[in-house]
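Dropping a prediction and its sequence here:
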Amino acid sequence: MLPKQERLTKSSEFAFIYRQKKSVANSLLILYLGSKKQNVETPTRVGFIVAKKVHKRAVKRNRIKRLMRESYKNITKTEGFKLKDYQSLIFIARPAIIESDYNSVHAALLDCIKKANRKFINNRQK
């Protein structure tokens, strides 16, 4: 589990990020990006969503959330996390993720992060 200061907890925070309309997607996940950080020292806050549309059983939904959280933790520690300058992130699971294992979830998360880097971060530097 992520520390409380690194988690999105309120529905108003989620709604604010949705209104930013910055997103990237692949076949397993959708990534929404919040606004840029004002203070570099504050941690990036993350939310993971698996809707009932994905699977009706809470056990399956929670398993997918655990896979996404663990993958996110590993990416931030080892692979040079590039979205540190964003205040908040939301990862939303798509129905195809139910049949996936950890490696495919990890690859999908990494793919979303790379797409976001290309789409939002690299375009600003030009």
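Nice, I can see it.

Test my guess that Ile97 contacts Phe48.
No - counting by C-beta atoms under 8 Å, Ile97 does not reach Phe48; the two are 11.2 Å apart. Yep, even glycine has a C-beta here, placed from its N, CA and C like the rest.

Can you name the residues that contact His20?
Careful, residue 20 is Gln and not His. With contacts defined as C-beta atoms under 8 Å, 6 or more residues apart in numbering, the neighbours of Gln20 are Tyr32, Leu33, Gly34, Ser35.

Show me those residues that map onto helices.
Secondary structure from DSSP state H places none of those in helices.

So which of those sit within strands?
Those of these mapping onto strands are Tyr32, Leu33, per DSSP state E.

Relative to Met68, which of the contacts of Gln20 is nearest.
Nearest to Met68 among the contacts of Gln20: Tyr32, at 13.7 Å, using C-beta to C-beta.

Give me the spatial nearest neighbour of the closest one, chain neighbours excluded.
Ile90 (4.2 Å; C-beta to C-beta, 6 or more residues apart in numbering).

Now the phi/psi pair for the one you found, please.
phi -130, psi 130 (degrees, to the nearest 10).

Report the buried members of the contacts of Gln20.
Taking 16 or more other C-beta atoms under 10 Å as the criterion, what is buried in the contacts of Gln20 is Tyr32, Leu33, Gly34.
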